[in-house]
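A.B. asks: Below is the structure, and that's it, no one-letter string:
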C-alpha cells in the first residue's frame, strides 16, 4: 500500500500571523515549529505501507546545486582533498577539506514524523532500514569515507542546529 503525504497541508502548520511571511516564521527561533496533522485513513491497510514525503519549492535541480559535490571524494578516502567542484562549501576555516563537501552535503531536512493509532494513541513503528539503493551502497559511496571538518569554526551545516 502507498500513503503519500503532500505539502498542500503546509498552510495549516504556519500560524496565521506568519502566513504572509513564511521566511520570517522559519527564521524566528522563538516560535514553536511543531505541527501535528491528523489524518483518517478510511480503510484498513495491509502492510507493508510505504510513506512518501514530498517537498515543494526546493530546487535540487539548480545547476550550481547539482554540480556542488565530489563523487571521487565520496567513493574513496584517498580522494578526500578532491574538492574543486564543491565550492562554496569546500574548505573549512582551518584550510582542510570538508568531507563530504558541497551544497548537497549541507542540505538536511530535519522534519521528523511519527504515526499512531487514534483509538489508543499507540505509536506505529517506522522501519527506516534498507532505503538506500543497492548501487549507491556497493558502487557509489566508499565504506571508508567519514565526515571530516564538516562542523568547525564559522561553518555550520547539516544536522547541527547550533
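C.D. replies: It's in. Everything numeric here is computed off the predicted structure, so don't read it as measured data.
A.B. asks: And the residue at the greatest distance from the centre of the chain, how far from residue 125?
C.D. replies: If you look at how far each residue of the chain sits from its centre, by C-alpha atoms, centre = their mean, the farthest one is residue 119, at 31.3 Å. Residue 119 is 17 Å from residue 125, where distance means C-beta to C-beta, to the nearest Å. Glycine gets a C-beta too; all of them are placed from N, C-alpha and C.
A.B. asks: can you check residue 46 too?
C.D. replies: Applying C-beta to C-beta to residue 46 and residue 125 gives a distance of 16 Å.
A.B. asks: likewise residue 149?
C.D. replies: 36 Å.
A.B. asks: Of these two, which one has the most company?
C.D. replies: Legend: neighbour count by other C-beta atoms under 10 Å for residue 149 and residue 125, higher for residue 149 (18 against 7).
A.B. asks: burial measure for the residue lying closest to that one once chain neighbours are set aside, as a count.
C.D. replies: Nearest residue to residue 149, sequence neighbours excluded (C-beta to C-beta, 6 or more residues apart in numbering): residue 92, at 3.8 Å. Using other C-beta under 10 Å, residue 92 is surrounded by 19 other residues.
A.B. asks: can you check the one 10 residues further on too?
C.D. replies: A count of nearby residues for residue 102, using other C-beta under 10 Å, gives 23.
A.B. asks: For it, give its distance to residue 46.
C.D. replies: Counting by C-beta to C-beta, the gap from residue 102 to residue 46 is 41 Å.
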